[in-house]
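>>> What shape does this take:
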Amino acid sequence: MLRTTMDRMSTLDAEFFFAEYDNVPMHIGSVAVFDGPAPAYQDVMRLFEAKLPKVPRYRQVARTTPGQVLRPVWADDEHFNIRHHVRHATVPAPGGPDQLRAVAATLFALRLDRRRPLWDEWFLDGLEGDPDPLRRLSLIRQQMDNIKHTDQAVSAEILTGMLGLAAPTWLALGTQAAFRIPQPLIQTVTTNIPGPRSRLYVLGRSLTALYPYVPIGNAVRISAAILSYVDTVSFGVTADHDSLPDLDVFVEGIKRGLAELRGLAAG
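Numbers count the residues shown, from 1 in each chain. This next block holds a predicted model:
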């Protein structure tokens, strides 16, 4: 007899779940670059499959209730298939930063399939390497279960705790309204995420760079994430192209600001 495991989605997760709609995916993720000879795609897929027992959520789907009377629940996916989640693609030639950004933008813009567990991993090849021409990139998208919990999030926890007292129907409507109604006083959202302080490896390959991705909302058209890894800090900037075609100006401003702070620290 098949045993099914279910547990209720947290209020914070439900906020992100209800905020998402056709043109506004709410997943988070990262672009991870590894050194060394490229592993086979099948080896990567087997690695993820072997690790699944340690992350039960990766085998669960989100189920809603009629009329959204209760918060959604996480339920085991009886038809789980690892091939639906670990995928392979090639970055177009010449495989430089511009081509990589274009592929990443396309993949991050796609909504995750709610009929399946809410995570994807893209194994990308075709990147130029120096000196390793077979350098591969793994682009990971995931939703719901990577929300950071730090002392800086106390206010958010209090707020979501209060929202948890509201009926999920009103929670859904309120969250959707907050993300869709224009907010002229809010132009961008920035978040800092403390990353691993020791070097990570996958199948013996060293993780050399880690770039964060956070979503934008219908009302806020640009977001920036700051992620630390070992002794480096990376910035991930997401924007709506139609609303901000000159994103390079914003990014250049970040570079100049960091250079100025570095100069002050050195002086």
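
>>> What is the least confident helix or strand in the protein?
When each helix and strand of the chain is scored by mean pLDDT, DSSP states H and E, helix 154-163 comes last, with a mean of 40.

>>> Report the rounded mean pLDDT for the helix or strand where residue 260 lies.
Under the criterion of DSSP states H and E, residue 260 resides in helix 247-266. On average, the pLDDT along helix 247-266 is 88.

>>> Also stretch 6-18?
Here the average pLDDT along stretch 6-18 is 81.

>>> Only the buried residues of that stretch, if you could.
9, 10, 11, 12, 13, 14, 15, 16, 17, 18 (16 or more other C-beta atoms under 10 Å). All C-beta spots, glycine's among them, are computed from the backbone N, C-alpha and C.

>>> Let's see it as PDB, backbone CA atoms only.
Extracted in PDB, the C-alpha atoms of stretch 6-18 (Å, rounded to 0.1, in the frame of the first residue of the first chain):
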ATOM      1  CA  MET A   6       1.700  15.800   3.300                       C
ATOM      2  CA  ASP A   7       2.400  18.900   5.300                       C
ATOM      3  CA  ARG A   8       0.900  22.400   5.200                       C
ATOM      4  CA  MET A   9       2.800  25.100   3.300                       C
ATOM      5  CA  SER A  10       4.200  27.900   5.500                       C
ATOM      6  CA  THR A  11       2.700  31.300   5.400                       C
ATOM      7  CA  LEU A  12       5.800  32.800   3.800                       C
ATOM      8  CA  ASP A  13       6.000  30.100   1.100                       C
ATOM      9  CA  ALA A  14       2.300  30.600   0.400                       C
ATOM     10  CA  GLU A  15       2.900  34.300  -0.100                       C
ATOM     11  CA  PHE A  16       5.400  33.600  -2.900                       C
ATOM     12  CA  PHE A  17       3.100  30.800  -4.300                       C
ATOM     13  CA  PHE A  18       0.100  33.100  -4.600                       C
END
